[in-house]
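K.L.:
Here is my input, please return the structure:
(one chain, ligands or ions: 1)
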Amino acid sequence: MMFARIAGVGSYLPGAPVSNDDLVARGIDTSDEWISTRTGIRFRHLADAATTTSDLAVEASQRALQSAGVSAADIDLIIVATSTPDYVFPSVACMLQGRLGNSGATAFDVQAVCSGFVYALTITEKFIRAGGHRRALVVGAEVFSRILDWQDRSTCVLFGDGAGAVVLEAADAPGILASSLHADGAYRDILCVPGNVRDGQVTGDPFLRMDGQAVFRFAVKALSEAAQECCESAGVTPTQVDWLIPHQANIRIIEATARKLGLDMSKVIVTVDSHGNTSAASVPLALDAAVRDGRLQRGQKVLLEGVGGGFTWGAVLFEF
Ligand code: ACO
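P.N.:
Numbers count the residues shown, from 1 in each chain. Purely as a prediction, here's the structure:
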């Protein structure tokens, strides 16, 4: 039986951290107290005007390749999860492929907003287990600052930019143990960017809109159900997992999910305080932080969880 295991991890954040007080200094009618007590966010990174999603993806990917000890030429599949691509097309995956100097690998983007990385990792595992591909680069990369309405204080303080990447390769032992992916388009309106470009003009609304309280309720329910389902299909209980790495949207969503799963917060990786919500990049950024600071060790069981616009949600359980 062929499995897929994580061989290397990397991440990248643009520029210096931007504090809540920095946002106040930029003229946003908010406060460190409001943002930190409701969300746990203290800092985020914001890309400058010249920096694109593929720029962030290249940096994170190079670090993941280095940590796996492989080169771009060794990769036969590239999947990028993003909702903020550089262009309508080509995909960020193809831009990344060209810039890494890989040619011939299968390459495409996945659009599942904040669940994007969990979706991409699950898809990649299925490619590898099917036998046609041996070593993949899986990336979550976003410049969410580009789709924020900086006049809307209820959303613009919540998000940040960044990228995270893993190298996933064929192995004789796990690896990924189980995954679950879901979506329900009936909830499309509670978190969306309901606009586009048509005939050279912006049509609809090009900025992120959110019903915060509806999203909060949906996220806690979806995250705990996906975690339970994923663990059940691997024959483990959530409390047997060494680390929970949830999507980093809001500390209160993370704490409520951990509580529902009976997990102590000492087993939960939290980066929302220093990254904000980086959408598809949040889970691989948190994964890389835990690997780099030595908390996450080889052989440990890790549960990743995502939830985002669509609505989409899911979980992946793996042995590191
Ligand atoms: N600074 C100061 N005041 C603010 C701000 C701000 N940045 N934003 C809103 N307010 C004010 C509002 O104007 C309102 O004032 P009013 O009572 O005078 O009208 C007051 O704060 C309360 O606003 P609410 O929207 O009711 O605040 P709530 O307590 O619901 O908190 C929040 C809002 C933090 C967004 C919360 O709903 C939440 O955490 N939702 C989850 C959403 C989330 O995390 N989304 C991330 C994307 S989704 C995902 O990744 C899955």
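K.L.:
So is stretch 133-152 next to the ligand?
P.N.:
No: counting by C-beta under 6 Å from any ligand atom, the ligand is not contacted by stretch 133-152; separation bottoms out at 8.3 Å. The C-beta positions use only the backbone N, C-alpha and C, and glycine is treated the same way.
K.L.:
Can you give me the buried ones in that stretch?
P.N.:
Buried positions in stretch 133-152, judged by neighbour count with 16 or more other C-beta atoms under 10 Å: 133-148.
K.L.:
before we move on, what about stretch 170-181?
P.N.:
For stretch 170-181, burial by neighbour count (16+ other C-beta under 10 Å) applies to 170-171, 174-181.
K.L.:
Ok, stretch 235-250 next?
P.N.:
For stretch 235-250, the neighbour count (16+ other C-beta under 10 Å) marks 236, 238, 241, 243-250 as buried.
K.L.:
do the same with stretch 98-114
P.N.:
Those buried within stretch 98-114 under the rule 16+ other C-beta under 10 Å are 100, 102, 105, 107, 109-114.
K.L.:
Out of those residues, which comes closest to Phe218?
P.N.:
Closest approach to Phe218 among these (C-beta to C-beta): Cys114, at 11.7 Å.
K.L.:
about what we covered before: can you add pLDDT and give the buried residues of stretch 170-181 back as a markdown table?
P.N.:
Shown next, in a markdown table, are the buried residues of stretch 170-181 (pLDDT from 0 to 100):
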| residue | pLDDT |
| --- | --- |
| Ala170 | 97 |
| Ala171 | 97 |
| Pro174 | 92 |
| Gly175 | 96 |
| Ile176 | 98 |
| Leu177 | 97 |
| Ala178 | 97 |
| Ser179 | 97 |
| Ser180 | 96 |
| Leu181 | 97 |
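K.L.:
can those go into JSON lines with extra columns for distance to the ligand?
P.N.:
JSON lines is the format used below for the buried residues of stretch 170-181 (distance: C-beta to the nearest ligand atom, whole Å):
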{"residue": "Ala170", "distance to the ligand": "32"}
{"residue": "Ala171", "distance to the ligand": "31"}
{"residue": "Pro174", "distance to the ligand": "28"}
{"residue": "Gly175", "distance to the ligand": "27"}
{"residue": "Ile176", "distance to the ligand": "23"}
{"residue": "Leu177", "distance to the ligand": "24"}
{"residue": "Ala178", "distance to the ligand": "22"}
{"residue": "Ser179", "distance to the ligand": "18"}
{"residue": "Ser180", "distance to the ligand": "17"}
{"residue": "Leu181", "distance to the ligand": "15"}
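K.L.:
what's the distance between the helix or strand bottoming out on mean pLDDT in the chain and the middle of its chain?
P.N.:
Here the helix or strand of the chain ranked lowest by mean pLDDT, DSSP states H and E is strand 195-198, holding a mean of 93. The chain centre lies 25 Å from the centre of strand 195-198; the measure is C-alpha atoms, centre = their mean, to the nearest Å.
K.L.:
Out of the buried residues of stretch 235-250, which is nearest to Val166?
P.N.:
Once C-beta to C-beta is applied, the member of the buried residues of stretch 235-250 that ends up nearest Val166 is Ile245, at 11.8 Å.
K.L.:
I figured the closest one hits Gln300, correct?
P.N.:
No: look at Ile245 against Gln300 with C-beta atoms under 8 Å: they stay out of range, at 11.3 Å.
K.L.:
could you redo the buried residues of stretch 235-250 as a markdown table and give each row distance to the ligand, pLDDT and secondary structure?
P.N.:
Output for the buried residues of stretch 235-250, formatted as a markdown table (distance: C-beta to the nearest ligand atom, whole Å; pLDDT from 0 to 100; DSSP: H, G, I helix; E, B strand; the rest coil):
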| residue | distance to the ligand | pLDDT | secondary structure |
| --- | --- | --- | --- |
| Val236 | 25 | 96 | coil |
| Pro238 | 20 | 95 | helix |
| Val241 | 21 | 97 | coil |
| Trp243 | 20 | 98 | strand |
| Leu244 | 16 | 98 | strand |
| Ile245 | 14 | 98 | strand |
| Pro246 | 10 | 97 | strand |
| His247 | 6 | 97 | coil |
| Gln248 | 8 | 98 | coil |
| Ala249 | 4 | 97 | coil |
| Asn250 | 4 | 96 | coil |
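K.L.:
Most widely separated two among the residues you listed?
P.N.:
Maximum pairwise distance among the buried residues of stretch 235-250 (C-beta to C-beta): 26.6 Å, between Val236 and Asn250.
K.L.:
And the helices in the stretch 201-320 of the chain, which stretches?
P.N.:
With DSSP state H, counting those that start in this stretch, the ranges of helices along the stretch 201-320 of the chain come out as 212-234, 251-261, 272-275, 282-292.
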